[in-house]
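1. Sharing a sequence plus its predicted fold:
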Amino acid sequence: MLPLITGAVEDRSARGIAAAVSRLITAGRLPAGERLPTVRAVAGSLGVSPTTVSEAWRNLTLAGAIQTRGRSGTYVSGPAPPRFTRLGRAPVALALDLSTGVPDPALLPDLSDALRGIGDGRWAGSYLDEPVLPGLEEVLRERWPFPPERLTVVDGALDALDRIVATTLRYGDHVLVENPAFPPLLDLLQAVGATVIGVPLDDTGLDPEVLRQLVAERRPAALFLQPRAQNPTGASMTAKRAATIARILRDAPHLLVVEDDHAGDIAGAPPVSLGTYLPKRVVHVAGFAKSHGPDLRLAAIGGPAAVVEQVIERRLLGPGWSSRLLQAVLLDLLTSEKAVDQVAAARRIYAERRTALLGALRERGVTASAADGINLWMSVPDQQNAMVALAAHGIGAAPGAPFCVTPLGGDHLRLTAGLVAGGHDDLADALASAAFQTSRGSGPRGRGHPRGLM
């Protein structure tokens, strides 16, 4: 064991030791449950101080790779299941599955005209063409919340986050995120060995005082946030809060900001970006899946050339570019008056659906938020019991725990309110019944028992 670890270490700093051990764990050469050598043994073999190895062990512990069992020693942790797998659909079909976080297909713009507009289908571009259609780049720059130095198109917002994480972060970097946050982002950060630190939210964005303290004490390498229709809470950053956060971040010139504007044109809140204040340190991601169609597989990245060009260059060793045929479809959708009107109608309908369900829940004494986007974040006493109770009514919901960096002081469920076209009172009855029965053994206040949703 000791020769295996010391032989894998090339960089004898705390970061380098942690990275080497992490690679051994990922490769399966240090299996789960294996006891690690003592700090002093590793330090002696490497010729470094025990303090250096202790710091490496601490970083590995924070990343969840190892765990200390008191006097029994330190052991390799079992692989934790990715957070996104805990959001999967129920094993049986449910009458109303609100766990998905996907847009209503009926509210997506009609692609027929856009598909006809790209011709007979024989044009397929060239390896040597620019990765972004010039016309699409022009439209994207006009829509961007601040003038980006460089802009490119990738295969969706999560692909954008994956590539930004891979090109900008190193093992052990401290990264600030919203708490609660988007679970796949947390998985990506864990995969590179980042130490993730949650910043609480209110209905106008990140808590400034907590952010100020963390920036000063932890010297984070990056801050990831969702400026509009935050998933799962629906909160949107206001212009006033953005200005406050920008003032805090001016004192941290080393910190990169990554904004995931995943809701795009179905968000009701106006576009707000920290790039207005810190354009050379903000990478903005514009998603089109929820507004124009998940199968377009397109999102744009814009910001400092130093970051965006790294993404572009690395993609040359993989896909190279995102389909220009699909880019042509997106360009048509962004410029067609008919498609623009369809997306605007979807935005209004989503707002009506959220408002109706949120109002019905409040009438029944249920605490929930759904200010923007397609999701609703509901407080429950026990998420597992609530999910079981809802499944009995044929309703699926996503558990709140995978969204939480650290516990929030209570359990939650995320529901895709944007999929609820009607029957809001019946659904609210079922949701309230599940919530209150798990806590008090009684039905929801004021409305009696649910009448069923079938």
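-> Perfect, I can see it now.
2. Which parts of stretch 331-350 count as buried, going by neighbours?
-> Residues 331, 332, 333, 334, 336, 339, 342, 343, 346, 347, 349, 350 are the ones in stretch 331-350 that count as buried (16 or more other Cβ atoms under 10 Å). C-beta coordinates here come from the backbone N, C-alpha and C atoms, glycine included.
3. what does the helix or strand residue 384 falls within rub up against?
-> Assessed by DSSP states H and E, residue 384 sits inside helix 383-392. If you take Cβ atoms under 8 Å, 6 or more residues apart in numbering as the criterion, helix 383-392 is touched by 90, 94, 380, 396-397, 399-401, 411-413, 430-431, 433-435, 437-438.
4. Which among the residues you listed count as buried?
-> Buried members of the contacts of helix 383-392, scored by 16+ other Cβ under 10 Å, are 94, 380, 396-397, 399-401, 411-413, 430-431, 433-435, 437-438.
5. where's residue 351 relative to residue 60, distance?
-> Using Cβ to Cβ, to the nearest Å, residue 351 is found at 45 Å from residue 60.
6. which one of these two has more residues nearby?
-> residue 60 (25 against 18; other Cβ atoms under 10 Å).
7. Where does that one fall, secondary structure wise?
-> Using DSSP H and E, residue 60 falls within helix 50-62.
8. Remind me what the next helix or strand after that helix packs against, helices and strands.
-> The helix or strand immediately downstream of helix 50-62 is strand 66-68, counting by DSSP H and E. Strand 66-68 makes packing contacts with helix 50-62, strand 74-76 when contacts are defined by 3 or more Cβ pairs under 8 Å, 6 or more residues apart in numbering; DSSP states H and E.
9. Out of these, the one nearest residue 39 is which?
-> Ranking those by proximity to residue 39 (Cβ to Cβ) places helix 50-62 first, at 4.7 Å.
10. Okay, helices next: where are they in the stretch 51-200 of the chain?
-> 112-117, 134-143, 157-168, 183-191 (DSSP state H, counting those that start in this stretch).
11. Give me the helices and strands touching the first one, please.
-> Counting contacts by 3+ Cβ pairs under 8 Å, 6+ apart, the secondary-structure elements packed against helix 112-117 are helix 324-335, helix 337-363.
12. quick one: which of these is nearest residue 218?
-> helix 337-363 (34.9 Å).
13. So what angle separates the directions of the closest one and helix 324-335?
-> For helix 337-363 against helix 324-335, the angle by axes from the mean of the first three to the mean of the last three Cα atoms, to 10 degrees is 70 degrees.
14. helices or strands up against the following helix or strand past helix 337-363?
-> Downstream of helix 337-363, the first helix or strand assigned by DSSP H and E is strand 368-369. Applying 3+ Cβ pairs under 8 Å, 6+ apart, one finds that strand 368-369 contacts helix 337-363, strand 376-380.
15. and if we set it to 6 Å?
-> strand 376-380 (3 or more Cβ pairs under 6 Å, 6 or more residues apart in numbering; DSSP states H and E).
16. So which elements touch the strand it packs on?
-> Going by 3+ Cβ pairs under 6 Å, 6+ apart, strand 376-380 lies up against strand 368-369, strand 411-415.
17. mind redoing it with 7 Å?
-> Here strand 376-380 touches helix 337-363, strand 368-369, strand 411-415, helix 424-440, going by 3 or more Cβ pairs under 7 Å, 6 or more residues apart in numbering; DSSP states H and E.
18. any chance of these in a markdown table, plus distance to residue 314?
-> Putting the helices and strands packed on strand 376-380 into a markdown table (distance: least, Cβ to Cβ, whole Å) gives the following:
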| stretch | distance to residue 314 |
| --- | --- |
| helix 337-363 | 32 |
| strand 368-369 | 37 |
| strand 411-415 | 32 |
| helix 424-440 | 44 |
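19. Same list (the ones you listed) but as CSV, adding distance to residue 66 and mean pLDDT.
-> Output for the helices and strands packed on strand 376-380, formatted as CSV (distance: least, Cβ to Cβ, whole Å; pLDDT from 0 to 100):
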stretch, distance to residue 66, mean pLDDT
helix 337-363, 42, 98
strand 368-369, 37, 96
strand 411-415, 28, 95
helix 424-440, 35, 83
